[in-house]
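fold the following.
(one chain, ligands or ions: 2)
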Amino acid sequence: MISFEKAQEKLHSLALTHKKSLHQHEVNLDQACSQVSSKNIYAEEYHPAFNNSSMDGFAIKAQDSVGASLAEPSSLTIVGESSAGKPWDHTLQPNQACRIMTGAKVPKGSDAVIKVEDVEEVDGKIQLRQSTLPNTNIRSKGEDLKPGDLLVAKGTRLTAEDIMLLASQGKNRLKVSQAIRVAIISTGQEILEHDANAPQPALGEIRNSTGPFLRSKLMHLPCEIVSQVSCSDHPEELFSQISKALDLGSDIIISTGGVSAGKYDLIPGMVSDLRGTILFHKVSMKPGKPILVANFSKKKPCTFFGLPGNPISTLVGFNFFVETYLRHLTEQARLKPVKAFLNQEISTPRGLTTLLRSRVEVSDDALLTAEVCQGQGSHMMTSLKAYNAWLKIDKGHDVVKKGSFVDAYLLGQDHSFLF
Ligand code: AMP
Ligand code: MG
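Ligands and ions are numbered 1, 2, ... in the order given. As a prediction, the model looks like this:
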C-alpha cells in the first residue's frame, strides 16, 4: 500500500511518459468546445479593430462643446451619418456633428460621442447643453486586444467563452489534443446492466450505476469511449474483455469492481497475466483504498485504472486518479485545493488520507466554510446532491477540530474540479 501523495506522483510521471504517444489534431472552431488546446493561441488583430461608438448619438469635436450649457447651448450642424458597417468617410470640421450608431466607426476629426438623449435636434442641427470630454463614449482601437496578446494558454480546456474570444479573432482551425480513447469494463456477476428492458434485480443483484456515471463523466471530457461492457467475475471472460480493450488501441481502460481481496477479485491477477505492470495497488486513503493502476505497453501505452466497485470509491478513483491523469496528459493545470474553515469537529481514520463529500459556502465575512455531508459510506449516494467540494484530510489526524483550516477541492456545477 502506498500513500495518496506517492500514488499521485507516480501517476504524474506515468502521464509524462504517455503524453509523448498522444497526437494533436486540428478541429474546426465549432467542434472545439471542451477540447484541450495544445498550443498557446495569440491575437493577430486589434479589438476593437477601429475607434467606434459605444452609444447611439452624435460624433463631435469635444472642443466644440466647451462652455455649452442649458442657458447657452452650442449649435452644431449634422453633416452625415455613420452606422455599424457603413462608416461616414469624411473628416469632421469644427461646429459639425455626425449622427452615429453603436458600433459604428467614429469619423476622422471627431473625438467624442454625445448620447442622443443629451441633445436636442432641430432643423438639421443639434443643441449641446453640456461640455463633453475627449474620448467620451468611444471604444478605442485595441483597448481590449492587440496582436500578440495571449487568448488561450496551451492546456486550456476550451469553454464556450473561449470560443467567443477565438471566433472574434477569426480563428477557424485549432490544434487540440487528440481525444483520449477510453474503454470501460464494469465487473461483477451481481451487476444488472442498466437499460430500458432490464428486469427488476433478483435478490443479490445490483444495478450498474457507475457504468452510466463513468460514461457521462467522460462525455464531458476530451475523450472518446471506444467500448463499454459489463463482465462477470469469470477469469476467461475478464481476460478476453481486457484483451479486447487493449486491442482497440485504448489509451485508458477503466474497470470497476474486483480489485480488493475477495475470492472473486480477479483484476490484479488478470492485469499481471496480461503483462501489465502494476504501478500501485491499494492506496492509503478512504474511500477507494483498493484502487489499482497499471501500465500496458503492448502495441501502444495504455493506462489501466482498476477502480473499486462501490459507487463512491469509483467516484473518488475517477476524480482523483482518472481525471487528474487526464489533466496531466493534456497539460492542464494541476489540481489546487483552497483552505476552508471546518464548521464541526470530525474524526478520520488515523493513517489514511480521507476524502469527504462536503458543502463549502462563503460566509458573510468572505470566509470559505466547510460542512461535511451526512452519509459518508462508500455505498451512500444521497450526499451527491448536496456536495460541492471534497475535503482532504491528510493521514495522521484522528480528530480534526472545529475551526481548523482544511484542504477543499471545489467542484463546479457539473461537479468537475474548479481549480
Ligand atoms: P467490489 O469492488 O467488486 O468488491 O464491489 C464492491 C461493492 O460495489 C459491491 O457491493 C458491489 O456490488 C458494488 N458494485 C460493483 N460494481 C458496481 C456497479 N457497476 N454499480 C454499482 N455498484 C457496484
Ligand atoms: Mg465485485
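
what segments of the stretch 301-419 of the chain are strands?
With DSSP state E, counting those that start in this stretch as the criterion, the stretch 301-419 of the chain has strands at 301-307, 338-342, 346-347, 353-362, 368-372, 389-393, 399-400, 405-410.

how much space between residue 366 and ligand 1?
In this view, residue 366 and ligand 1 are 40 Å apart by Cβ to the nearest ligand atom, to the nearest Å. From N, CA and C alone the C-beta is placed, and that goes for glycine too.

dump the strands of the stretch 301-419 of the chain to CSV, plus distance to ligand 2.
Formatted as CSV, these follow (distance: least, Cβ to the ion, whole Å):
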stretch, distance to ligand 2
strand 301-307, 11
strand 338-342, 35
strand 346-347, 29
strand 353-362, 21
strand 368-372, 28
strand 389-393, 25
strand 399-400, 32
strand 405-410, 28
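
just name the most buried of the ones you listed.
Across these, averaging neighbours per residue (mean count of other Cβ atoms under 10 Å) puts strand 301-307 on top, at a mean of 25.

domains for the protein, by residue range?
Structural domains annotated on the chain: 4-23+178-329, 41-47+144-176, 52-139, 338-410, as defined by automatic domain parsing.

using JSON lines, lay out the strands of the stretch 301-419 of the chain together with distance to residue 7.
Below are those laid out as JSON lines (distance: least, Cβ to Cβ, whole Å):
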{"stretch": "strand 301-307", "distance to residue 7": "12"}
{"stretch": "strand 338-342", "distance to residue 7": "22"}
{"stretch": "strand 346-347", "distance to residue 7": "23"}
{"stretch": "strand 353-362", "distance to residue 7": "9"}
{"stretch": "strand 368-372", "distance to residue 7": "23"}
{"stretch": "strand 389-393", "distance to residue 7": "13"}
{"stretch": "strand 399-400", "distance to residue 7": "22"}
{"stretch": "strand 405-410", "distance to residue 7": "16"}
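
contact partners for the residue nearest to the spatial centre of the chain?
The residue lying closest to the centre of the chain (Cα atoms, centre = their mean) is residue 157, at 5.7 Å. Residues in contact with residue 157 (Cβ atoms under 8 Å, 6 or more residues apart in numbering) are 34, 35, 36, 222, 330, 332.

now the last one: how far from residue 200?
In this case it means residue 332. 43 Å (Cβ to Cβ, to the nearest Å).

now the residue in the stretch 301-419 of the chain that ligand 1 sits nearest to: how far from ligand 2?
Closest to ligand 1 within the stretch 301-419 of the chain is residue 309: 2.6 Å, counting by Cβ to the nearest ligand atom. According to Cβ to the ion, to the nearest Å, residue 309 and ligand 2 sit 5 Å apart.

nearest spatial neighbour of that residue, skipping sequence neighbours?
Leaving aside its sequence neighbours, residue 309 sits nearest to residue 257 (Cβ to Cβ, 6 or more residues apart in numbering; 3.3 Å).
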